[in-house]
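Q: Below is the sequence, then the predicted model.
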Amino acid sequence: MIDVQDLVKRYRTPFRGTITAVDHLSFKVEPGEVYGLLGPNGAGKTTTLRVLSTLVRPDEGTIRVDGVDVRRHPLEARGHLAYVPAEAGLPPQLSPREVVTLFGAIQGVADPGKRALALLERLDATRYLDTPCGELSTGMKRRVVLARALVHEPQVLLLDEPTDGLDVLGRRDVLALVREQAAAGRTVVVSSHIMVEVERVVTRLGVVARGRLVAEGTLPEVLAAAQATNLDDAFVRLVHGDEDSAA
Amino acid sequence: MNALRALVLLTLDGIRRLLREGIVLRSLTFPVVLALFAVGGTVIAVLLLQPPPRLAIPPALDASPLAADVRADDWEVLVTDTPEEAVVDGTAALATDGTTLWIGAGGHPPLRLEAIVRTHLQTRWRPVQPPKRRAAEIQESEAPRQLAVFIGALFALYGVVFGAGSVARDRDEGTLDAELSTAVPHVVHGLARWLAGSLVLGGFYGLSVALVDAIMGVQDALQLALAGLASCAASTAVGLGVIGRAGLDRGFAGPMSAGLVAVFSVLSAGLADRAAGAYLPIASLVVRDASWPIPLGVACAMGIVASLAFARRTAVS
C-alpha cells in the first residue's frame, strides 16, 4: 500500500524564487486499488510520483511504500516499487529481451531470462524479442517499458502518463494491464490528464491543483463534490475553483 | 553481494552498449588507423620520391673509369673534397676516396652501386658507420612512442565525453530514472558507468599501442598502455564527476567544458613538471619511465569519488 501524509516539495529556481510543487498532499492507496492522480500540467503529479519512487527527496511529510519509509530507507522502498516515467525510454542498442532480463538480474530475480520472456509474451512483444529497441514503434516500446517495470514483481506500480503517445489499441492494452495488476493485488497509482482513461481504469481518484489535493474519492464521490455530471466538467470546476480561491 | 552482482551486470551492460554504438567504435579505432595510414603513406611517399643513391668521390677520381662506369649505370656522382661527410650529412649513399668505402644507406640500389665500386677498386674495403647516424636513429625511434602518446592524449579527452555522456545519454533516452528507481544503490550505477567507460577506452588504447608497436616498435609499450589505462580511467571519472546527473540544472556544455579543461590541465602539468607528473594519471602519459601502479591507484580513487558524487547528486534533486 501507499501512505502519503503532508507531503511537501519545494524547488528553488533562479528567477521565480522558491516554488512549492507539492503542498501538504495526503492520500492512501490500498492493495488492489488503482488510484488516479489527476491534475493539469504543473499540478505536482509527476513530482509526487518521483518522491514516491525515491528519485526526489521531499522537504516535509511521511511517505510509506508497502510499509517502508521512503525517506529513511529509499533502497528498501525501491525493492517494493516500479516507476514508469512519462518519458520512459529504452536503450536503443539493446533488444527487449536484453533490457528486461538485465533489470530482472540486477534486482535479484531468479532466472530473469525466463521471467523476461514470459512477460514479453504476456505483453505480445515476442515478435520483436531480439530487435534493437531503437527500431521499435512507440507502442511496442511502451510494452517493453512496462515489462521492464514488472520484471521483479513489485507490489507498488507508479505509472506517469502511461498511455502518452499510444494509439487506441496501445492504450487499450496498457489499461487492461493496469487493471490486471490491480486484480493481482498490487497497488497502482496512475497519473493522467486524459479523463476518459481515468474513468475506465481507476477505483479511486485524487484531483491535484497547485500541488494540493482539491478532491478525492470514488468517481461518483468526486462528481458529487464538484456538482458535475461528467469527469471533464468536474475536473474543470475543481481546478478552476481552486485557482479562483487561490487568487 | 547483490550490489556486487549488479555492479558486474551493469558494467557488462555498459560495455555492450558502448560497443554497439557505431560512432563510439569509429571514434576509438579511427585515431590509430588514421595515424598508421598517415605514417605508412609518408613512408611510401618518401620511398617513391627518394632520389637515386649518389656516390660521393674526390675530384681526383672524377675522370676515373669508376666514375664513368657509375655514370653509365645511371647513378649520380657527387664530386666533393670531403666524400665521407657527404655520407654523414645524407647527401650521398656511398662515398669513396679510392681506398675506403663509406656506406650510409641500406637496400638494394646502394648495394648494386657498392658492387660497381668494389669491382673497380680491386682492393680490400670496409664499410664504416658514420658516428652521427646513431643519434639520428635514436631520435627516429621516439616517433612511434610520441604517436602513441598523442593517441593517449586524445583518449584522455574522450574519457570526459564517455563519463559525462554515459549519464546524459541515459537521461536523453529516458532510461536514467528507470535505472535509478531500481533497488540498486545509486553509487553502483555510477561505478558501473565509470568502469564500463574506463575499460572500453583503456582496452582500445591498449590495442592502439599494440598496433603501433607491431608496425613501428614502441619503446616501453606495456608501460605506456598501462599509463593510458590509468589516464582513461581518470578522465572518465572526471566526466562522470562533473556531469553528476547530466547537469539537470547546469546543462551539458558547461560541465563538459570544465572536464575537458581539467584533463588538459593535468596533461600540461605532466609536461611542465615531469617528477610530479609521474605519479598522476593523465600526466604520467607524457612522462617517460613513469610507473603505472600509482597513477592507476589514483585513477581508481577518482572513479570512486566521482561515483559517490553522482550518487549524492541523484539523491538530493
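A: Arrived safely. These numbers come from a predicted model, not from an experiment.
Q: Okay, domains of chain B per the record?
A: Split into domains by automatic domain parsing, chain B comes to B:53-121, B:138-316.
Q: most neighbours per residue, which of those?
A: Most buried of those, by mean neighbour count (mean count of other CB atoms under 10 Å in any protein chain shown): domain B:138-316, with a mean of 21. For glycine as for every other residue, the C-beta is placed from the backbone atoms N, C-alpha and C.
Q: which stretch in the domains of chain B is the model least sure about?
A: Lowest mean pLDDT of the domains of chain B: domain B:53-121, a mean of 82.
Q: so how far is that one from its chain's centroid?
A: Remark: domain B:53-121 is offset 39 Å from the chain centroid, using CA atoms, centre = their mean, to the nearest Å.
Q: circling back: kindly reformat the domains of chain B as TSV containing distance to chain A.
A: Below are the domains of chain B laid out as TSV (distance: least, CB to the nearest CB, whole Å):
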stretch	distance to chain A
domain B:53-121	50
domain B:138-316	3
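Q: Between these, which one is closest to A:S26.
A: Of all those, domain B:138-316 sits nearest to A:S26, with 22.4 Å by CB to CB.
Q: Tell me who's in contact with the closest residue to B:A269 other than its chain neighbours.
A: Closest residue to B:A269 apart from its sequence neighbours, by CB to CB, 6 or more residues apart in numbering or on different chains: B:A283 at 5.2 Å. With contacts defined as CB atoms under 8 Å, 6 or more residues apart in numbering or on different chains, the neighbours of B:A283 are B:266-267, B:269-271, B:276-277, B:295.
Q: Among these, give me the pair with the biggest separation.
A: B:L271 and B:P295 (15.2 Å).
Q: could you pull out the strands for the chain?
A: Using chain A here. For chain A, applying DSSP state E gives strands covering A:2-13, A:17-29, A:34-38, A:60-65, A:68-69, A:81-84, A:156-160, A:187-192, A:204-209, A:212-217.
Q: actually chain B
A: Assigned by DSSP E, chain B shows strands spanning B:54-57, B:76-79, B:94-96, B:101-103.
Q: Redo the ones you listed as JSON lines? Include distance to A:P58.
A: As requested, the strands of chain B are exported to JSON lines (distance: least, CB to CB, whole Å):
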{"stretch": "strand B:54-57", "distance to A:P58": "86"}
{"stretch": "strand B:76-79", "distance to A:P58": "88"}
{"stretch": "strand B:94-96", "distance to A:P58": "87"}
{"stretch": "strand B:101-103", "distance to A:P58": "84"}
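Q: which residue does chain A bring closest to chain B?
A: In chain A, the residue that lies nearest chain B is A:G89 (2.9 Å; CB to the nearest CB).
Q: Go ahead and confirm that residue touches B:T175.
A: Yes. Between A:G89 and B:T175 there is a contact under CB atoms under 8 Å: 5.5 Å.
Q: nearest residue to residue 229 other than its sequence neighbours?
A: Let's take chain A. With CB to CB, 6+ apart as the criterion, A:T229 has its nearest non-adjacent residue at 6.8 Å, and that residue is A:L223.
Q: that's the other chain; I wanted chain B
A: Per CB to CB, 6+ apart, closest to B:L229 is B:G202, 3.7 Å.
Q: Over to A:Y11?
A: Distances taken as CB to CB, 6+ apart place A:I19 nearest to A:Y11, at 5.0 Å, with adjacent residues excluded.
Q: What is the neighbour count of that neighbour?
A: Residues contacting A:I19 under the criterion other CB atoms under 10 Å in any protein chain shown number 12.
Q: List the contacts of it.
A: Residues near A:I19 by CB under 8 Å, 6+ apart: A:10-13.
Q: Which pLDDT value belongs to the nearest residue to A:V198 once chain neighbours are set aside?
A: The shortest distance from A:V198 to any non-neighbouring residue, by CB to CB, 6+ apart, is to A:G36 (4.4 Å). At A:G36, the pLDDT value in this model is 94.
Q: my read: A:G36 touches A:H193, true?
A: No. With contact defined as CB under 8 Å, A:G36 does not count as touching A:H193 (10.4 Å).
Q: Compare the two (neighbour count), which wins?
A: Neighbours were counted for A:G36 and for A:H193 using other CB under 10 Å; A:G36 has more, 25 against 16.
Q: Any figure for the gap between the more buried one and A:G185?
A: A:G36 sits 18 Å away from A:G185, going by CB to CB, to the nearest Å.
Q: again, but for A:E199
A: Distance from A:E199 to A:G185, by CB to CB: 23 Å.
Q: quick one, which of these two is more surrounded?
A: A:E199 (14 against 9).
Q: Run through the residues that contact that one.
A: For A:E199, the contact set (CB under 8 Å, 6+ apart) comprises A:219, A:231.
Q: Point to the residue nearest the middle of chain A.
A: A:L159 (2.1 Å; CA atoms, centre = their mean).
Q: check contacts around that one.
A: When contacts are counted by CB under 8 Å, 6+ apart, A:L159 touches A:84, A:178, A:188-191.
Q: and it, how far is that from A:A116?
A: Computed with CB to CB, the distance linking A:L159 and A:A116 is 20 Å.
Q: Flag the shaky bits of chain A, pLDDT-wise.
A: A:242-247 (pLDDT under 70).
Q: Does the longest helix belonging to chain B pack against any helices or strands, and if so which?
A: For chain B, the helix reaching the highest residue count under DSSP state H is reported as helix B:132-173. Here helix B:132-173 touches helix B:22-49, helix B:176-180, helix B:186-216, helix B:221-243, helix B:253-272, going by 3 or more CB pairs under 8 Å, 6 or more residues apart in numbering or on different chains; DSSP states H and E.
Q: helices or strands up against the longest one?
A: Pointing back at helix B:186-216 there. helix B:2-19, helix B:22-49, helix B:132-173, helix B:176-180, helix B:221-243, helix B:293-315.
Q: Around chain B, pick out the residues from chain A.
A: Residues of chain A found near chain B (CB under 8 Å from any CB of the partner chain) are A:50, A:53-57, A:74-76, A:78-79, A:81-85, A:87-94, A:98, A:102-103, A:105-108, A:132, A:145, A:148-149, A:152.
Q: Only whichever of those are buried, select them in ChimeraX.
A: Of the residues of chain A next to chain B, the buried ones go into a single ChimeraX selection, burial set by 16 or more other CB atoms under 10 Å in any protein chain shown:
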select /A:50,53,54,55,56,74,76,78,79,81,82,83,84,85,88,89,90,91,92,93,94,98,102,103,105,106,107,132,145,148,149,152
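Q: related to what we said a few turns ago, what's the distance between the residue of chain A closest to chain B and B:T314?
A: Here the criterion is CB to CB. By it, A:G89 lies 18 Å from B:T314.
Q: cool, and A:A224?
A: 43 Å.
Q: returning to that earlier point: any idea how far the longest helix of chain B is from the chain center?
A: That offset, for helix B:132-173, works out to 6 Å (CA atoms, centre = their mean).
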